[in-house]
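1. Sequence and computational prediction follow.
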Amino acid sequence: MKKFEKWVQENYKLIIPISLIVVVFISFLVYYKLMISSNYHVDTEEKVYQYFYDRKYEYTAVVSKNRKDVVVDYKPKNINVNIDSTPIYYQKGDVVLFPSDMSVVMPTLSCAEYLSPGYSYITYQKGIYNLTTNKYHGKLNHYFLFDGKDLYFFIEPVTLVIGSDQYQLSSYSYITTEHQGSISYYDKANDSYKTINVDDDDIYIKNDYYKVYILKDVIDYQGTNVILTSDLKELNTIEKKG
């Protein structure tokens, strides 16, 4: 031990720079590995479709994913498409991609809301709906998605109630209230898009877990009205849900 201490004392001027070089080299390796991992992506061509108003657009898109199966880029091929909050459906498989930020609304958790960043997507496997974002992969319970403006996406069946009329909408359906005096809905099971003229604002969506007044952006939570967030940037991202 004494010999080692003596050797260190005699060579400390050499040990210090060598140690620094080793630390810098290890740091570089870690940084390089992280850069390679984050920049790595695989491009695949996917056949998808979207509805804009009552017109269906079917096209091919290049979807880029990284090592964690996170979508990092999306580019339509040979077609100009206005990329907004309109859901993008894969023609094969139960996959829906959301090109813009969305709020994940959780009525069964005191109406909590979390941000799901753009390019998140939902898959359905073995009776479970999963959401994948850049930092989160987990199941969705009895939640729905809202773009903060006029589009609601429902991962499970709901009933649209307009006065005395009721419309049954399947899983993966959505409703938009973009135009004053009318609402439009896409029903996934029937692959149909319809617009209905309305003359009051007490229109709502319901199922066994929530009731949402879609023209008021309000949830009826145990008899109390909870206003949904319109500025999604105020929300915590969903990986912070715990």
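-> Thanks, I have it.
2. Return the alpha-carbon coordinates of stretch 93-104 using CSV.
-> The C-alpha atoms that make up stretch 93-104 are tabulated as CSV, following Å, rounded to 0.1, in the frame of the first residue of the first chain:
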residue,chain,number,x,y,z
GLY,A,93,-54.5,-2.5,-38.9
ASP,A,94,-56.1,-0.6,-36.0
VAL,A,95,-53.6,2.3,-36.0
VAL,A,96,-54.5,6.0,-35.9
LEU,A,97,-51.8,8.8,-36.1
PHE,A,98,-52.4,12.3,-34.7
PRO,A,99,-50.2,14.8,-36.6
SER,A,100,-50.8,17.6,-34.1
ASP,A,101,-50.8,18.1,-30.4
MET,A,102,-53.8,16.6,-28.6
SER,A,103,-55.2,16.7,-25.1
VAL,A,104,-55.7,13.3,-23.5
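3. What are the buried residues along that stretch?
-> Val95, Val96, Leu97, Phe98, Pro99, Ser100, Asp101, Met102, Ser103, Val104 (16 or more other CB atoms under 10 Å). C-beta: built from backbone N, CA, C; applies to glycine.
4. What about the residues you listed, which are in helices?
-> Using DSSP state H, no member of the buried residues of stretch 93-104 falls within helices.
5. my read: Thr229 touches Gly148, true?
-> Yes. Between Thr229 and Gly148 there is a contact at 6.5 Å, judged by CB atoms under 8 Å.
6. So between those two, which is more surrounded?
-> Gly148 (21 against 16; other CB atoms under 10 Å).
7. Give the residue spans of the protein that score low on pLDDT.
-> Residues of the chain meeting the criterion pLDDT under 70: 1-39, 242.
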